[in-house]
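K.L.:
Turn this into a structure:
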Amino acid sequence: MKYPFVLFTFAFLASFCFFYHFVIRYENGFKSTFCRSNTEIEELSAVFRNSREESDVNTANGFKGKRKGGHVYRIHRRLPQCIIIGVRKGGTRALLEFLNIHPSVQKASDEVHFFDDDSKYELGLEWYRRQMPYSFPEQVTIEKSPAYFVTESAPYRIHAMNSSVKLLLIVRDPVTRLISDYAQLAENKAKKERRVATFEQVVLLADGSVNTNYKPVRTSIYSLYYTRWIQVFPGHQIHIVDGDRLVYDPFPEVQRVERFLGLPHRISRENFSYNATKGFYCVKLNGTVEKCLNESKGRPHPDVDPVVVQTLRRFYSPFNRKFYKMVKKDFGWPEF
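P.N.:
Presented below is the predicted three-dimensional model:
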């Protein structure tokens, strides 16, 4: 009876040592796998795939990575190296999804609102880091929360996190953006069975002047908020994306962002497919599969009285010209 016991003990110790070595070596992958969600397990599985040569790794949920031979690449949740700071209803979701085509980009799926929400900011950077996706060292993690652009404390908080972070700001025709903003807010109110005022009622005062107390009106005054950002960050760390061009020809705009982020050009015109039914471009994956934004994008806008549109264009005109000078680019938005 002594020998079977010795053999059993030896086998147990050998198994324990192997398991311990395996866990230490792959502490950022295999460790605590059984405590992770299905999504995290799918992400982590990418690093355990074997291949004789380096290639892209893509799992069913779109996780991208690198594999080379039998080597395991350590992955972590990293603080973002790039943040899309706004502007609301400017095309931030489309921009994020287009950039996510790139194998060197990992995106946070949800808007985190860490730098504009005091209750979340108080949770600390470690909490914020845990909201980020897993990524490899050579990948760029991107987060987007459009509310950052209009939040007074956001530039300072982001700078305190990382003074060299790269920022993306996507802007579009201020009047078009305002109408889109109103349409979303009106739809949300209607779903809650609340009274919905007309566009004209909320953007104009009784005397016919523009109602600057209406937040969506102020959000389209880009120069007002951009001033704060360039007081904190140098201009070369902020890239301005033309949201109107992103709608009708996204490829050149995405290429410019690739250059700004220092990424090799891996996104091509073939990655974009115009969907006539939806009325905007979708992402084409693997040359065949089309991935479009959800149904809330491309919602119908209200018909606005041309006189009201003209009033709004005159109102925004001086602010637009100031913004053009600040960013050294004329977007050519209609003035009258």
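
K.L.:
how about the helices in the stretch 101-250 of the chain?
P.N.:
With helices called from DSSP state H, counting those that start in this stretch, the stretch 101-250 of the chain shows them at 118-121, 125-130, 154-161, 174-191, 199-203, 215-219, 222-232, 243-248, 250-260.

K.L.:
Save those helices as TSV, and put in mean pLDDT and mean neighbour count too.
P.N.:
The C-beta positions use only the backbone N, C-alpha and C, and glycine is treated the same way. TSV is the format used below for these (pLDDT from 0 to 100; neighbours: other C-beta atoms under 10 Å):
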stretch	mean pLDDT	mean neighbour count
helix 118-121	98	12
helix 125-130	98	13
helix 154-161	99	17
helix 174-191	92	18
helix 199-203	96	17
helix 215-219	98	18
helix 222-232	98	18
helix 243-248	95	18
helix 250-260	97	18
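
K.L.:
To residue 308, which of these lies closest?
P.N.:
In terms of C-beta to C-beta, the element of the helices of the stretch 101-250 of the chain nearest to residue 308 is helix 199-203, at 5.4 Å.

K.L.:
Which other helices and strands does the closest one contact?
P.N.:
Applying 3 or more C-beta pairs under 8 Å, 6 or more residues apart in numbering; DSSP states H and E, we find helix 199-203 packed against helix 174-191, helix 306-327.

K.L.:
so which of these gets nearest residue 165?
P.N.:
Each of the helices and strands packed on helix 199-203 has some distance to residue 165 by C-beta to C-beta; the shortest is helix 306-327, at 18.5 Å.

K.L.:
Kindly format the C-alpha coordinates of the closest one as PDB.
P.N.:
Written as PDB, here are the backbone C-alpha positions of helix 306-327 (Å, rounded to 0.1, in the frame of the first residue of the first chain):
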ATOM      1  CA  PRO A 306     -36.700  78.000 -43.400                       C
ATOM      2  CA  VAL A 307     -37.000  81.400 -41.600                       C
ATOM      3  CA  VAL A 308     -36.000  79.700 -38.300                       C
ATOM      4  CA  VAL A 309     -33.100  78.000 -40.100                       C
ATOM      5  CA  GLN A 310     -31.900  81.300 -41.400                       C
ATOM      6  CA  THR A 311     -32.200  82.900 -38.000                       C
ATOM      7  CA  LEU A 312     -30.000  80.100 -36.500                       C
ATOM      8  CA  ARG A 313     -27.400  80.400 -39.300                       C
ATOM      9  CA  ARG A 314     -27.000  84.100 -38.700                       C
ATOM     10  CA  PHE A 315     -26.700  83.500 -35.000                       C
ATOM     11  CA  TYR A 316     -24.000  80.800 -35.400                       C
ATOM     12  CA  SER A 317     -22.100  82.700 -38.100                       C
ATOM     13  CA  PRO A 318     -19.700  84.700 -35.900                       C
ATOM     14  CA  PHE A 319     -19.000  81.800 -33.600                       C
ATOM     15  CA  ASN A 320     -18.200  79.600 -36.700                       C
ATOM     16  CA  ARG A 321     -15.700  82.100 -38.000                       C
ATOM     17  CA  LYS A 322     -14.000  82.300 -34.600                       C
ATOM     18  CA  PHE A 323     -13.800  78.500 -34.500                       C
ATOM     19  CA  TYR A 324     -12.300  78.400 -38.100                       C
ATOM     20  CA  LYS A 325      -9.500  80.600 -36.900                       C
ATOM     21  CA  MET A 326      -8.900  78.600 -33.800                       C
ATOM     22  CA  VAL A 327      -8.500  75.300 -35.700                       C
END
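
K.L.:
Now do that helix against helix 222-232, angle only.
P.N.:
Regarding helix 306-327 and helix 222-232, their directions subtend 20 degrees when assessed with axes from the mean of the first three to the mean of the last three C-alpha atoms, to 10 degrees.

K.L.:
Mind listing residues that contact helix 306-327?
P.N.:
Contacts of helix 306-327 with the rest of the structure, by C-beta atoms under 8 Å, 6 or more residues apart in numbering, involve 171, 174-175, 178, 199-200, 203-204, 208, 210, 220-224, 226-227, 230, 235, 240, 330-331, 333-336.
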